[in-house]
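Enquirer: structure for this input, please:
(chains A and B)
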Amino acid sequence: MLFSPPARAAERPRPRLSAGIGRAFRRLGWSHLPLIFAIVVLVGLVVIAITIPWWTPYDPVALAGRRLQPPSAAHWLGTDALGRDVLVRTLYGARYSLPIAAGVLAVAVALGVAVGALAGFLGGLIDNVLMRLADITLAFPPVLLAMAIAASLGPGLVNTALALIIVWWPIYARLMRAQVLNVKKLDHVDAAIVGGVKPGRLLFRHIMPLCWSPIFVNMTMDVGQVILLAAGLSFIGLGAQPPTPEWGQMIAEGASNFYCWWIALGPGMAIFLVSLSSNFLGDALRDVADPRGRQ
Amino acid sequence: MPTAAAIAAGPLLDVENLRVDFPVRRGLVFARQVGAISAVAGVSLHVHPGETLSVVGESGCGKSTLARAIMGLITPTAGHVRFRSAELAGLSPAAMRPYRRRIQLVFQNPYACLNPRMTALENIAEPLRMLALNHAERRERALRAMEQVQLLPEQADRYPFAFSGGQRQRIGIARALAVEPEIMILDEPVSALDVSVQAGVLNLLKDIQQRTGIAYIFIAHNLAVIRHMSDRVAVMYLGRIVESAARDQLYRAPAHPYTQALLSAAPIPDPAREQARQRIVLTGDVPNPADRPTGCGFRTRCFRASALCAEQDPPARQLAPGHTVCCHHPS
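Expert: Purely as a prediction, here's the structure:
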């Protein structure tokens, strides 16, 4: 026989559905577990934050039972010093912490990217002025600077967000500037110049599209950081004000009733889970987004 | 080959005494200039319409810097670049733009010269924005340029990573060709490619020249490739052109010792003659361009160097019409 006939379907063992699921998991492997965990936590929290008013048994700011109750069937994470349900308040907290993180990052990244791209692309005096501005901001310890700004603007969530934006934009400005400087040196940018491409298009179409991946990776990593710092400002009384169920503010209340460990447990775990997840997500994104790995 | 009339009309591109010096700075805060690397140290050359001038030289002799300086990607320190008697050296990017459609550059590295976030067609169509064309016209002309370099229209919407090195180089050539320039500088267009695809790209370039009458400055270090491509050859060493002549003249009667050494280093594809080939082996390395030898730049490695060579920089002298050499002891 010159060639062997193709193996007939009947000769091959038929895969069962359950084996299929097992194989899919094996193919994805344990290395994807952190990513799956991160997606489940973050998507879950967003869904909860949106839908929570429709299904919680308690109001986050109203009396739900006797005060300082330890966890029980009626109050899974107990009640706080005013008799409010800690779990419900924690879940409601996602409605404050997540939008703050998203909003702060969106504005800080937009500002930082614009400044950094301009500085890197134009160079010279503009680069120097903009980057010294960023350096001045970065010279202060971030927590201290955020505290000072939040304190001078007055307490409140919006002012906290403003303070965080001022602290955060220089990081992205530097990152973007470094990226632009690197990409600017590549041959295809010279080729575009030889092709008579004008400066604006050169920046937007030939340089910036290659600059984004570290920005995105850094953003996902920073979600946790922003939530932490926002919670920190609330903890010391500069951010959200009572009775807002903001995580940092709740931990502050827990700290004043230190023997009732469950009061701080809910918001503490929430901050921990979100920070961890956003870091997992950032790690996974970095692996995917690295242009050298993509080809 | 250019016609006699084209030569009589004067050169298309005339480079005169072009210099590119990169400053060497010391000190972190108050940097001061302590020296300069002369990558291009006074190059003069000219190209007639429809002609191919090759520039040959070893790595680091300034070939690519010369190409970039002519294109205005690097601002020359001194000298002139005249395109049909318009001065290009020292023009601002905006002032340079009108000339870009008439003088184009093909890059050495086909893996880096295309925008990875644009399709092949978008890459090719990008320089067409210089012309007053609408989107459909640009697309049509880019497709025509693709056809000229033997790429298929169904490949138009693929991204650069989906192409091989040879195909990418042809995309790069199509991009330069699309605006129908009068002269194209080819910076080692085939040195990054497999030998098997080199010939294809070279013959394509010759075809295009025959059809369109475009002029080339062909930068290379492969002598066989240069012999195949050029009308005239200029030999570059340490930032200078040390000898230039018509191709056959140069290969038959090289006068500069460096040219002789280069030609003697190329193997001959004939075992009997290869056996008899006399090699001139140069000793030492190319001198540091930041610290040029006194007198002739080549004297430290030259087998004919004399006391005169250390004292005086040899001026260009004409051995025959069109054959110039910078050497005190040409042969």
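
Enquirer: just checking, A:L118 touches A:L133?
Expert: No - using CB atoms under 8 Å as the test, A:L118 is too far from A:L133 to be in contact (11.9 Å). Using the backbone N, CA and C atoms, a C-beta is placed for each residue, glycine as well.

Enquirer: looking at the two, which is more packed in?
Expert: When neighbours are counted by other CB atoms under 10 Å in any protein chain shown, A:L118 comes out ahead of the other of A:L118 and A:L133, with 18 against 15.

Enquirer: please, which helix or strand holds that one?
Expert: Element membership of A:L118 [criterion: DSSP states H and E] is helix A:86-122.

Enquirer: elements contacting that helix?
Expert: Based on contacts counted as 3 or more CB pairs under 8 Å, 6 or more residues apart in numbering or on different chains; DSSP states H and E, the elements that helix A:86-122 packs against are helix A:33-55, helix A:124-139, helix A:157-184, helix A:212-235, helix A:247-256, helix A:262-289.

Enquirer: I'd like those helices laid out as JSON lines, including distance to B:L12 and mean pLDDT.
Expert: Supplementary listing: the helices and strands packed on helix A:86-122 in JSON lines, determined by distance: least, CB to CB, whole Å; pLDDT from 0 to 100:
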{"stretch": "helix A:33-55", "distance to B:L12": "59", "mean pLDDT": "89"}
{"stretch": "helix A:124-139", "distance to B:L12": "35", "mean pLDDT": "94"}
{"stretch": "helix A:157-184", "distance to B:L12": "31", "mean pLDDT": "94"}
{"stretch": "helix A:212-235", "distance to B:L12": "42", "mean pLDDT": "87"}
{"stretch": "helix A:247-256", "distance to B:L12": "71", "mean pLDDT": "86"}
{"stretch": "helix A:262-289", "distance to B:L12": "46", "mean pLDDT": "86"}
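
Enquirer: what sits against the residue in chain A positioned nearest to chain B?
Expert: Of chain A, the residue with the smallest distance to chain B, taken as CB to the nearest CB, is A:G195 at 3.2 Å. Under the criterion of CB atoms under 8 Å, 6 or more residues apart in numbering or on different chains, the neighbours of A:G195 are B:R100, B:E126, B:P127, B:R129, B:M130, B:R175, B:V179.

Enquirer: let's see it at 6 Å
Expert: A:G195 is in contact with B:E126, B:P127, counting by CB atoms under 6 Å, 6 or more residues apart in numbering or on different chains.

Enquirer: how far is stretch B:41-48 from where the chain is centred?
Expert: Between the mean C-alpha point of stretch B:41-48 and the mean C-alpha point of its chain there is a distance of 11 Å (CA atoms, centre = their mean, to the nearest Å).

Enquirer: how about residues contacting it?
Expert: Outside stretch B:41-48, the residues touching it (CB under 6 Å, 6+ apart) are B:2, B:6-7, B:11-19, B:53, B:66, B:215, B:217, B:234, B:239-241.

Enquirer: buried ones in it?
Expert: B:A41, B:V43, B:S44, B:L45, B:H46, B:V47, B:H48 (16 or more other CB atoms under 10 Å in any protein chain shown).

Enquirer: so in chain B, which strand runs the longest?
Expert: Counting residues, the longest strand in chain B under DSSP state E turns out to be strand B:32-47.

Enquirer: CA-only coordinates of stretch A:42-55 in CSV, if you can.
Expert: Extracted in CSV, the C-alpha atoms of stretch A:42-55 (Å, rounded to 0.1, in the frame of the first residue of the first chain):
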residue,chain,number,x,y,z
LEU,A,42,-14.2,41.8,40.1
VAL,A,43,-17.2,41.0,37.9
GLY,A,44,-19.0,39.7,40.9
LEU,A,45,-18.4,42.9,42.8
VAL,A,46,-19.5,45.1,39.9
VAL,A,47,-22.7,43.0,39.5
ILE,A,48,-23.4,43.2,43.3
ALA,A,49,-22.7,47.0,43.3
ILE,A,50,-25.2,47.5,40.6
THR,A,51,-28.0,45.2,41.7
ILE,A,52,-27.7,45.3,45.5
PRO,A,53,-30.6,47.7,46.3
TRP,A,54,-33.1,45.1,44.8
TRP,A,55,-32.2,42.2,46.9
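
Enquirer: what are the contacting residues of that stretch?
Expert: Contacts made with stretch A:42-55 from outside it, assessed by CB under 6 Å, 6+ apart, are listed as A:L91, A:A94, A:R95, A:L98, A:S277.

Enquirer: ok, now with 7 Å
Expert: Contacting residues not belonging to stretch A:42-55 are listed as A:L91, A:Y92, A:A94, A:R95, A:L98, A:V274, A:S277, A:L281 [CB atoms under 7 Å, 6 or more residues apart in numbering or on different chains].

Enquirer: again with stretch A:77-93
Expert: Where contact means CB under 7 Å, 6+ apart, the residues beyond stretch A:77-93 that reach it are A:48, A:52, A:56, A:58, A:60-61, A:63-71, A:75-76, A:245-247, A:250, A:253, A:257, A:262-263, A:265-267, A:270.

Enquirer: same question, stretch B:123-137
Expert: Applying CB under 7 Å, 6+ apart, the set of residues contacting stretch B:123-137 from outside is A:192, A:195-197, B:97, B:100-101, B:114-115, B:138-139, B:141-142, B:145-146, B:171, B:174-175, B:178-179.

Enquirer: which strand or helix spans A:Y58?
Expert: With DSSP H and E as the criterion, A:Y58 is inside neither a helix nor a strand.

Enquirer: quick one: contacts for it?
Expert: By CB under 7 Å, 6+ apart, the residues touching A:Y58 are A:A64, A:D85, A:V88.

Enquirer: rebuild those residues as CSV, extending it with pLDDT and neighbour count.
Expert: Shown next, in CSV, are the contacts of A:Y58 (pLDDT from 0 to 100; neighbours: other CB atoms under 10 Å in any protein chain shown):
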residue, pLDDT, neighbour count
A:A64, 74, 24
A:D85, 88, 28
A:V88, 89, 24
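
Enquirer: where do the strands of chain B begin and end?
Expert: In chain B, strands defined by DSSP E lie at B:13-26, B:32-47, B:52-56, B:78-83, B:86-87, B:103-106, B:183-187, B:215-220, B:232-237, B:240-246, B:317-320, B:323-325, listed in chain order.

Enquirer: may I see those arranged in CSV, with distance to B:F161 as well?
Expert: Output for the strands of chain B, formatted as CSV (distance: least, CB to CB, whole Å):
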stretch, distance to B:F161
strand B:13-26, 33
strand B:32-47, 32
strand B:52-56, 31
strand B:78-83, 35
strand B:86-87, 39
strand B:103-106, 20
strand B:183-187, 22
strand B:215-220, 26
strand B:232-237, 34
strand B:240-246, 38
strand B:317-320, 50
strand B:323-325, 46
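
Enquirer: do you know which of those strands lies nearest A:Q225?
Expert: Closest to A:Q225 of the strands of chain B, according to CB to CB: strand B:13-26, at 38.4 Å.

Enquirer: per-residue confidence at whichever residue of the stretch 151-300 of chain B sits closest to chain A?
Expert: At 5.7 Å from chain A, B:F161 is the closest residue in the stretch 151-300 of chain B, using CB to the nearest CB. B:F161 carries a pLDDT score of 90 in this model.

Enquirer: kindly report the same for B:G295.
Expert: Confidence score, pLDDT, at B:G295: 88.

Enquirer: that one contacts B:S306, doesn't it?
Expert: No - when contacts are counted by CB atoms under 7 Å, B:G295 is not listed as touching B:S306 (9.9 Å).
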